[in-house]
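>>> What follows is a protein structure lacking sequence information:
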């Protein structure tokens, strides 16, 4: 995705070295998606991820403590897109303001968390500091069986 975005923005001076992935967790679930992401932002929609070690507050789109006896919480659709680090300050807006931190949440293929199953990391909003979720072992799984 980084390569494709860089190629489509060559006229704007984008280089592959300066392009990074960014993401927004939407409020949509899989069945609510009826069209691809907007053309001006591009990217892809990802669905089917499960939170392990944390819960998700759909109303405020933030990490929260998982409810008792709930092992896996489905995450809403995630919009992943590429941005140039030159424009990074403009694109990293934080709606709602306040003291919101970002947790770099690892995404794994399977519940067995090894480097062979690691895919990439998503940035998830949280009221607690990132260390809180690191100590809880919060991660996203593609398959929870």
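Looks like it arrived, so ask away. These numbers were taken from a predicted model, which means no experiment stands behind them.
>>> Which pLDDT value goes with the nearest residue to residue 44 once chain neighbours are set aside?
Closest residue to residue 44 apart from its sequence neighbours, by CB to CB, 6 or more residues apart in numbering: residue 80 at 5.6 Å. Bear in mind the C-beta positions are built from the backbone N, C-alpha and C, glycine included. If you check residue 80, the pLDDT there is 93.
>>> so residue 80 makes contact with residue 21?
Yes. Applying CB atoms under 8 Å as the test, residue 80 and residue 21 come out as touching, 6.0 Å apart.
>>> Now do the shared contacts for the two.
Residues touching both residue 80 and residue 21 (CB atoms under 8 Å, 6 or more residues apart in numbering) are residue 1.
>>> Out of the helices and strands in the protein, which is least certain?
Here the helix or strand of the chain ranked lowest by mean pLDDT, DSSP states H and E is helix 88-91, holding a mean of 52.
>>> partners of the helix or strand following that helix in the sheet?
Next helix or strand after helix 88-91 toward the C-terminus (DSSP states H and E): strand 101-108. Strand pairing for strand 101-108, using DSSP bridges, gives strand 118-126 (antiparallel), strand 139-141 (parallel).
>>> Which of those sits closest to residue 62?
Across the strands paired with strand 101-108, residue 62 has its closest neighbour in strand 118-126 (4.7 Å, CB to CB).
>>> From the rest of the structure, what touches the closest one?
Contacts for strand 118-126 (CB under 8 Å, 6+ apart): 21-23, 25, 61-63, 78, 80, 94, 100-109, 132-133, 140, 142.
>>> ok, now with 10 Å
Residues outside strand 118-126 that contact it (CB atoms under 10 Å, 6 or more residues apart in numbering): 21-25, 46, 49, 51, 54, 56-57, 60-64, 75, 78, 80, 92, 94-96, 100-109, 130, 132-133, 138-140, 142.
>>> and these, which are buried?
21-25, 46, 49, 51, 54, 56, 61-64, 75, 78, 80, 101, 103, 105-108, 130, 132-133, 138-140 (16 or more other CB atoms under 10 Å).
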